[in-house]
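K.L.:
Could you look at this predicted model? Sequence included:
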Amino acid sequence: MQALIIDRQAARLDHCQIALMNAGVQVTGTGSLLVAETCITRMGVDLLVIEKTTIGDALGDTLGMAEERNPNLVAILRTPDVADDQDSLSPHFPSLHCVVGQDVSNEVAIKLGLASLRAQATRSVMPARAVRLAPKTVKAMPVPAAYAAGTAVADNIFSEVM
């Protein structure tokens, strides 16, 4: 798992990097937009933590480039205006899992990012409605008359196949 932190504030950048390293994540941290773009294109990232004032107007391009490289990207944005950025950016960038204020502690921001990564990794590939099929050696049970007529409604979606 690879994380990239883009932040010009050195103390905050160091604390975030240390917290992620302690969690077992490989981390690259930078305050330079060019270094960040190089990291995204060359190695790809799973977790992207961006401090908005560090990259300014290049935020959309940076997020878009990271999403193209990794469709399962988890991005966290630190911003001075949480409400406005949440409303304007979330519909366009599905990777943006959290928009937090700049006063939020590093520990909270990193915990949110790690939780989102875990949820992304354990996301089920099962369809919303699964059907358990009986083995071929077992004959299918007849459908009750109420169900055949369409008058009964099952409380349990799996009750029909059990």
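P.N.:
Right, received. Where do you want to start?
K.L.:
What ranges does the protein have for its helices?
P.N.:
With DSSP state H as the criterion, the chain has helices at 10-22, 33-43, 52-55, 59-69, 82-89, 106-121, 145-149.
K.L.:
Quick one: list the elements packing against the shortest one.
P.N.:
Looking back up the chat, that one is helix 52-55. Contacts defined by 3 or more Cβ pairs under 8 Å, 6 or more residues apart in numbering; DSSP states H and E place helix 52-55 against helix 33-43, strand 74-79. The C-beta positions use only the backbone N, C-alpha and C, and glycine is treated the same way.
K.L.:
Stretch 71-85: end-to-end distance?
P.N.:
End-to-end distance of stretch 71-85 (Cα to Cα, to the nearest Å): 21 Å.
K.L.:
Make TSV out of the helices of the chain and add mean pLDDT, distance to H97 and mean neighbour count.
P.N.:
Converted to TSV, the helices of the chain look like this (pLDDT from 0 to 100; distance: least, Cβ to Cβ, whole Å; neighbours: other Cβ atoms under 10 Å):
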stretch	mean pLDDT	distance to H97	mean neighbour count
helix 10-22	89	15	16
helix 33-43	91	17	15
helix 52-55	88	15	18
helix 59-69	91	12	17
helix 82-89	86	11	14
helix 106-121	81	4	17
helix 145-149	56	42	10
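K.L.:
can I get those in CSV with distance to A3?
P.N.:
Converted to CSV, those look like this (distance: least, Cβ to Cβ, whole Å):
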stretch, distance to A3
helix 10-22, 5
helix 33-43, 10
helix 52-55, 16
helix 59-69, 11
helix 82-89, 20
helix 106-121, 8
helix 145-149, 52
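K.L.:
Out of those helices, which is closest to S95?
P.N.:
Smallest distance to S95 across these (Cβ to Cβ): 5.0 Å, for helix 59-69.
K.L.:
Quick check: phi and psi on P94?
P.N.:
phi -70, psi -20 (degrees, to the nearest 10).
K.L.:
That one: neighbour count?
P.N.:
Neighbourhood size, P94 [other Cβ atoms under 10 Å]: 13.
K.L.:
That one contacts N70, correct?
P.N.:
No. The pair P94 and N70 does not pass the contact test of Cβ atoms under 8 Å, sitting 11.8 Å apart.
K.L.:
Having no further points to raise, I will conclude here.
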